[in-house]
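Engineer: Got a predicted structure plus its sequence, pasted below:
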Amino acid sequence: MKVLIQAIVSFFVFIVDFVYGNRSYPRFYVLETIARVPYFSYLSVLHLYETLGYWRKADLLKLHFAETWNELHHLLIMESLGGDRYWIDRFVAQHVAVAYYWVVVLIYMLFPSYAYYLMELIEGHAYHTYDEYLKTYEAQLKAQRAPQVAINFYRDGDLYMFDEVQTAPDHEFRRPKVDNLYDVFVNIRDDECEHVKTMVALQKPEARLTFKSPHTVFEAIAAIAVRRASPTGEGEASLQDPTRSLITDKPD
């Protein structure tokens, strides 16, 4: 199954690279439109399970919604840069996204771990795409202003949703710079890395029951600190490590 998924993703990447070539912003617009779709699929299936009384996991609902919010702002940034200027680019991205939604719904219902593996590959490709773009156009990007939507999302707005996709257990949320367009693409690239780490963590057999969203982890850490600071330290031994379901490796 993984070999088939790898082949599908490789074919998709080849087609996008061939069609869009050096049209970077339209290519990023298409990728961001499509990349956020699986999170909608996950949410739809999870809501279905909850409605039917089959299964409930609030942390996954919160996490996947935060991921859609994150990808939405990547999309808004690409739109602000003119990535959606042409009708054909919008047509391709939106119609592929609709078909992709139903494909992922089916995979997620039948094979949840493979649905996460599919997204791991997509987000990994996005990470490497942005990383290569940063290396190639560093000087030009540093000379351009950051879009206001990026400034609001990464620095000046409500950062709760931004924090909720940060799965690295370093006990500190990222507070990135947004001084120019280069910083914006660095932040987008690093967001994709966070998505990859999350998708890898969710493929673990125990993740369905043990995975915790970042804010849940931080609340647990705060609770541990309070108990350790208490004179008796009661209950400390019974608390599990809240970061044990998280990983820190960057995409290969």
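Structural biologist: That came in fine, so what should we check first?
Engineer: Can you show me the helices along the stretch 151-252 of the chain?
Structural biologist: 160-163, 181-202, 207-210, 214-229 (DSSP state H, counting those that start in this stretch).
Engineer: Pipe the ones you listed into JSON lines and attach mean neighbour count and distance to Asn152 per row.
Structural biologist: Every C-beta, even on glycine, is put in place using the N, C-alpha and C of the backbone. What follows is the helices of the stretch 151-252 of the chain, written out as JSON lines (neighbours: other CB atoms under 10 Å; distance: least, CB to CB, whole Å):
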{"stretch": "helix 160-163", "mean neighbour count": "17", "distance to Asn152": "10"}
{"stretch": "helix 181-202", "mean neighbour count": "22", "distance to Asn152": "12"}
{"stretch": "helix 207-210", "mean neighbour count": "14", "distance to Asn152": "32"}
{"stretch": "helix 214-229", "mean neighbour count": "15", "distance to Asn152": "20"}
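Engineer: ok, then the element right after the strand or helix carrying His95?
Structural biologist: Applying DSSP states H and E as the criterion places His95 in helix 87-110. Sequence order places helix 112-136 as the next helix or strand after helix 87-110, per DSSP H and E.
Engineer: That following helix packs against which elements?
Structural biologist: Applying 3 or more CB pairs under 8 Å, 6 or more residues apart in numbering; DSSP states H and E, we find helix 112-136 packed against helix 2-20, helix 24-35, helix 37-51, helix 87-110, helix 181-202.
Engineer: after it comes which helix or strand?
Structural biologist: helix 138-142.
Engineer: For the helix holding His95, list every residue counted as buried.
Structural biologist: Buried residues in helix 87-110, counted by 16 or more other CB atoms under 10 Å: 89-90, 92-93, 96-97, 100-101, 104-105, 107-108.
Engineer: will you turn the residues you listed into CSV that also has pLDDT and distance to Thr216?
Structural biologist: CSV is the format used below for the buried residues of helix 87-110 (pLDDT from 0 to 100; distance: CB to CB, whole Å):
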residue, pLDDT, distance to Thr216
Asp89, 94, 38
Arg90, 95, 37
Val92, 92, 38
Ala93, 93, 33
Val96, 93, 34
Ala97, 94, 30
Tyr100, 93, 29
Tyr101, 96, 27
Val104, 95, 25
Val105, 96, 26
Ile107, 95, 26
Tyr108, 95, 22
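Engineer: which one among these gets closest to Lys204?
Structural biologist: Looking at the buried residues of helix 87-110 and their distance to Lys204, the nearest is Tyr108, at 16.2 Å (CB to CB).
Engineer: Just give the closest residue to the closest one, not the sequence neighbours.
Structural biologist: Among residues not flanking Tyr108 along the chain, Ala115 sits closest, at 4.0 Å (CB to CB, 6 or more residues apart in numbering).
Engineer: tell me, how many neighbours does the one you found end up with?
Structural biologist: Here the number of neighbours of Ala115 (other CB atoms under 10 Å) works out to 25.
Engineer: Which pLDDT value belongs to it?
Structural biologist: pLDDT recorded at Ala115 is 95.
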